[in-house]
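[1] sequence unknown, structure follows:
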């Protein structure tokens, strides 16, 4: 009489084990995808920082040009 319930219990445990294996496989895939997303996001953030740095450098250049233009205007007596 104990053979029936034991076999039934083992059958259920095997099914659970199979399902857990599938869940582990899906979790590994999602972990890999998430790591890739993190990597790409890091690249985007680095690009944003580099763009901000370039923009700041261009601003400094424009300020220098504006200063030079003002100086030239003063020397040529072109200021109002």
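    The structure has been received and is ready for your questions. Here the structure is a predicted model, which is why all the values come from computation and not from measurement.
[2] low-confidence bits of the chain, can you list those?
    With pLDDT under 70 as the threshold, the chain has low-confidence stretches at 1-5, 79-80.
[3] ok, residue 78 to residue 24 distance?
    According to Cβ to Cβ, to the nearest Å, residue 78 stands 77 Å off from residue 24. In short, each C-beta sits where N, CA and C put it, glycine included.
[4] mind giving me the packing neighbours of the host helix or strand of residue 37?
    Secondary structure from DSSP states H and E places residue 37 in helix 3-75. Applying 3 or more Cβ pairs under 8 Å, 6 or more residues apart in numbering; DSSP states H and E, one finds that helix 3-75 contacts no other helix or strand.
[5] chain center to that helix: distance?
    The chain centroid and the centroid of helix 3-75 are separated by 2 Å under Cα atoms, centre = their mean, to the nearest Å.
[6] cool, and stretch 62-80?
    Relative to where its chain is centred, stretch 62-80 has its mean C-alpha point 45 Å off (Cα atoms, centre = their mean).
[7] can we start the residue count at 51 from this point?
    Fine by me, first position is 51 from now on; the one you just mentioned is stretch 112-130.
[8] list the contacts of that stretch.
    Identification of contacts with stretch 112-130 by Cβ atoms under 8 Å, 6 or more residues apart in numbering yields no residue at all.
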